[in-house]
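Asker: I'd like to go over a predicted model; first the sequence, then the structure.
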Amino acid sequence: MNEVHAAKPHLTREHLLALLHGMIRIRRFEEKCAELYQQEKIRGFLHLYIGEEAIAVGAMLALTPMDAVVATYREHGHALARGVSMDAVMAEMYGKAEGCSRGRGGSMHLFDAPTRFYGGNAIVGGGLPLAVGLALAEKMEKRDGIAACFFGEGAVAEGEFHESLNLAELWRLPVLFVCENNLYAMGTRLERSESQPDIHIKAQSYNVPAEVVDGMDVVAVEAATRRVCAAIRGGGGPALLECRTYRFRAHSMFDPQLYREKAEVEEWKRRDPIDRLALWMRETRQLHDSDLAAIEAQVASEIEHSVTFAESGHWEPAAELTRDVYASEGVP
Amino acid sequence: MTEGVREITYRDAVREAIRGALLTDPRVFLMGEDVGRYGGCYAVTKGLLDEFGPERIRDTPLSESAFVGAGIGAALGGMRPIVEIMTVNFSLLALDQIVNNAATIRHMSGGQFAVPLVIRMATGAGRQLAAQHSHSLEGWYAHIPGLKVVTPATLEDARFMLAAALADPNPVLIFEHVMLYNRSGVLPSGIGTVDIDSAVVRRPGTHVTLLTYGGTLFKTLDAAEVLAKDGIEAEVIDLRVLRPLDAETVLASVGKTRHAVIIDEGWRSGSLSAEISARIMEGAFWDLDAPVGRVCSAEVPIPYPHHLEEAALPQPAAIVAVAKATLGG
């Protein structure tokens, strides 16, 4: 069994450093994005994943290049963890033609064919049926891939969540549903919108195996995802992970956060997935100051490169405005 | 592919189209509500489950959004799905997937991903099915960049448009008017393909251009016969494709006849007929001898009683009257 298909993570020092690197990379990238937003280099909506990095980093390690990934408008972390180049993501944030979606999508619509990254869906719940269909294609074509679908707990209120879980289980499709439960759908807390706030119980009502994972613990997320993916790949049908997490930043850059107490945010920040892993690694003597410095330096350099790349990218000529609305050539 | 001269129904023609697609491309499959065991709400898909099995003829739950979205996902994953939605009114439950995903993904992804999906659905009134099963909303879909919208009216279009739609790399919506399913006739031999780009002149004429599509084509042809008895030669154009519109054929005809009447079972306000009228204004205003006329459905949810339903829909007598009025008669 190779590394990717392994049902358990190998917690070597090297692996733990990679997890830490993956999370810090997303954190610093998004901090830079917030800064660039203030400078009006990035416009439109910007939804930061800060606080939730453990989920994308942990879960993505259980996927193979053959798998398909569907994410939401809070997907910078997923794109980076999936392997979409930071240069292309940053250029997309700028709206430059060198962006991973040629600048047409922006922050909310990152797409990347080489890594089978199918967006970047900004309609809450809208990505779930796509994942079901991508998994259907895998099954009908007798390929080995699965479809991994990330969505927030707000999507659970949409009919598409229920329709999709039912259909995926009915047809026993290889879908990994990852619910990133950060407690708030914009400003509406879960208990204020759901009669049954335990999301895994909803999944179980469709006979979809579901479990709750500590979404602030990257190792726990990776372990759970590997275990669940092994079952999905073995023909077990879909499964759902409810990752309990928290976003440290506002919903978007326009959110004054009137709906939650600062104390609650501070409480969750004490469970910061990066600090938590770093602390544990230090306690077990697997992380030294020099390691952290090296990670930070490497990440800073990659981000700097991506900003330079985006800055030097070009604006697509307005004459090309209507390209890619229709294709005239056939699809391979 | 050619077929002998024989009498078939529109329903049979659509079924043969689906069967032909399933036989020629292993990536093609059909899914929708009651397409399998039941044989299709309008009996279009009868027999296909037995021939192709449940993997390729998939009965779905009543989850329009999920199965249309799954069709989009499967198309992204390399399949060539045909999704059947029972009726255009039900497609509103899948509007998010059709408008926000199928129509946008190519563009939003900078051209990286295609959605070669075909969605078929019944449209139109005439069967006394009242206000939630009888509307003609294809004009709405024709508003959306990224979609192609086709309306087969003739047997050959019913038989061959599907193959063209499946070969098209874009999402294509096929609207089948409910009153056409039982129409029968001879499928001309020697035709193996049709395009989904152009409007077609179904009846040549010189005095007035009658522009229509789908279920009102035959009413319009009937009206043209009545007009002919009064010495008025109407040119009947079957638009066939509502998006992208073949304005060239429309304008060429109007340039010749100098009179135009649009017949559309959709409502008048904010409609496809309004769009065509505007195209004529933009492209042929100085060729016109009279204002563009329109015959559309009355602005009412389609009622149940037969006489009121008929009163709500475009009828040959109204087409004749508007055509004559346009000609100053």
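Answerer: Cool, the structure landed. All values reported here derive from a predicted model rather than from experimental measurement.

Asker: mind listing what B:Arg159 touches?
Answerer: B:13-14, B:16-17, B:187, B:191 (CB atoms under 8 Å, 6 or more residues apart in numbering or on different chains). Heads up, the C-betas are built off the backbone N, CA and C, glycines and all.

Asker: and the residues you listed, which of them are in helices?
Answerer: Secondary structure from DSSP state H places B:13-14, B:16-17 of the contacts of B:Arg159 in helices.

Asker: which one of the residues you listed sits closest to chain A?
Answerer: Taking CB to the nearest CB as the measure, chain A lies nearest B:Ala17 of those, at 19.3 Å.

Asker: and the closest one, how far is that from A:Leu36?
Answerer: Separation of B:Ala17 from A:Leu36 (CB to CB, to the nearest Å) stands at 52 Å.

Asker: more neighbours, the two?
Answerer: Per other CB atoms under 10 Å in any protein chain shown, whichever of B:Ala17 and A:Leu36 has more neighbours is B:Ala17, with 25 against 19.

Asker: surely the more buried one meets B:Ala164?
Answerer: No - under the criterion of CB atoms under 8 Å, B:Ala17 makes no contact with B:Ala164, lying 10.0 Å away.

Asker: just the buried ones from the contacts of B:Arg159?
Answerer: B:13-14, B:16-17, B:187 (16 or more other CB atoms under 10 Å in any protein chain shown).

Asker: which one of those residues is nearest B:Glu225?
Answerer: Taking CB to CB as the measure, B:Glu225 sits nearest to B:Leu187 out of the buried ones among the contacts of B:Arg159, at 22.5 Å.

Asker: show me what that closest one is bridged to.
Answerer: Counting by DSSP bridges, B:Leu187 is bridged to B:Arg6.

Asker: I'd assumed B:Ala13 was in contact with it.
Answerer: Yes - applying CB under 8 Å as the test, B:Leu187 and B:Ala13 come out as touching, 6.5 Å apart.

Asker: list residues touching both of the two?
Answerer: With CB under 8 Å, 6+ apart as the test, B:Leu187 and B:Ala13 both reach B:155-156, B:159.

Asker: for B:Pro81, phi and psi?
Answerer: The phi/psi pair for B:Pro81 (degrees, to the nearest 10) reads phi -70, psi 140.

Asker: which ones are touching it?
Answerer: Contacts for B:Pro81 (CB under 8 Å, 6+ apart) come out as A:133, B:28-31, B:71, B:74-75, B:117-118.

Asker: what about 7 Å?
Answerer: Going by CB atoms under 7 Å, 6 or more residues apart in numbering or on different chains, B:Pro81 touches B:29, B:31, B:71, B:74-75, B:117.

Asker: count of neighbours near the closest residue to B:Ser271 other than its chain neighbours?
Answerer: Distance criterion CB to CB, 6 or more residues apart in numbering or on different chains; nearest residue to B:Ser271, sequence neighbours excluded, is B:Gly139 at 5.2 Å. Using other CB under 10 Å, B:Gly139 has 24 other residues around it.

Asker: tell me the SS of B:Gly139?
Answerer: Classification of B:Gly139 using DSSP: H, G, I helix; E, B strand; the rest coil returns helix.

Asker: coming back round to it: need the ones in helices among the contacts of B:Arg159 in TSV with distance to A:Glu264 and pLDDT, can you?
Answerer: Shown next, in TSV, are those (distance: CB to CB, whole Å; pLDDT from 0 to 100):
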residue	distance to A:Glu264	pLDDT
B:Ala13	63	97
B:Val14	58	98
B:Glu16	63	97
B:Ala17	59	97
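
Asker: quick one: buried residues of the least confident helix or strand in chain B by mean pLDDT?
Answerer: Lowest by mean pLDDT, DSSP states H and E among the helices and strands of chain B is strand B:6-9, with a mean of 90. Using 16+ other CB under 10 Å as the test for burial, strand B:6-9 gives B:8-9.

Asker: that one packs against which elements?
Answerer: Judged by 3 or more CB pairs under 7 Å, 6 or more residues apart in numbering or on different chains; DSSP states H and E, the packing partners of strand B:6-9 are strand B:184-187.

Asker: contacting residues around stretch A:280-298?
Answerer: With contact meaning CB under 7 Å, 6+ apart, stretch A:280-298 is reached by A:13, A:16-17, A:20-21, A:24, A:278.

Asker: and the strands in chain B?
Answerer: B:6-9, B:28-32, B:57-59, B:80-87, B:118-123, B:148-150, B:172-177, B:184-187, B:200-203, B:208-212, B:234-238, B:241-243, B:260-267, B:293-297 (DSSP state E).

Asker: so of those strands, which one's packed in deepest?
Answerer: strand B:208-212 (a mean of 29; mean count of other CB atoms under 10 Å in any protein chain shown).

Asker: for the residue lying closest to B:Ile191 once chain neighbours are set aside, give its distance to chain A.
Answerer: In this structure, B:Ile191 finds its nearest non-sequential neighbour in B:Glu156, 5.2 Å apart by CB to CB, 6+ apart. B:Glu156 sits 23 Å away from chain A, taking CB to the nearest CB, to the nearest Å as the criterion.

Asker: distance of the residue lying closest to B:Thr206 once chain neighbours are set aside relative to A:Ala122?
Answerer: Once flanking residues are discounted, B:Thr206 sits nearest to B:Glu233: 5.0 Å by CB to CB, 6+ apart. B:Glu233 sits at a distance of 53 Å from A:Ala122 (criterion: CB to CB).

Asker: which one of the two has more residues nearby?
Answerer: More crowded of B:Glu233 and A:Ala122, by other CB under 10 Å: A:Ala122, with 21 against 14.

Asker: that one against A:Leu110, yeah?
Answerer: No - between A:Ala122 and A:Leu110 there is no contact under CB atoms under 7 Å: 10.8 Å.

Asker: quick one on the thing from earlier: in contact with the residue nearest to B:Ile191, which residues?
Answerer: Neighbour list for B:Glu156: B:187-188, B:191, B:194 [criterion: CB under 7 Å, 6+ apart].

Asker: among the contacts of B:Arg159, which two are most distant?
Answerer: B:Val14 and B:Ile191 (15.4 Å).

Asker: is chain B within reach of stretch A:48-66?
Answerer: No - using CB under 7 Å from any CB of the partner chain, stretch A:48-66 stays clear of chain B, coming no nearer than 11.1 Å.

Asker: what about that stretch, start to end distance?
Answerer: One end of stretch A:48-66 sits 27 Å from the other (CA to CA, to the nearest Å).

Asker: ditto for stretch A:170-179
Answerer: Stretch A:170-179 stretches 20 Å from its first residue to its last (CA to CA).

Asker: tell me the mean pLDDT over that stretch?
Answerer: If you average the pLDDT over stretch A:170-179, you get 98.

Asker: could you chop chain B up by domain?
Answerer: Split into domains by automatic domain parsing, chain B comes to B:6-187, B:200-326.

Asker: straight-line length of the last one, end to end?
Answerer: In domain B:200-326, first residue to last residue: 22 Å (CA to CA).

Asker: ok, the longest one next?
Answerer: End-to-end distance for domain B:6-187: 6 Å, by CA to CA.

Asker: that domain: how far from the chain's middle?
Answerer: The chain centroid and the centroid of domain B:6-187 are separated by 11 Å under CA atoms, centre = their mean, to the nearest Å.

Asker: the stretch 51-200 of chain B: helices as residue ranges?
Answerer: B:64-76, B:88-91, B:95, B:105-108, B:138-141, B:155-167 (DSSP state H, counting those that start in this stretch).

Asker: show me what stretch A:188-196 is in contact with.
Answerer: Against stretch A:188-196 from outside (CB under 7 Å, 6+ apart): A:153, A:156-157, A:183, A:185, A:197, A:202.
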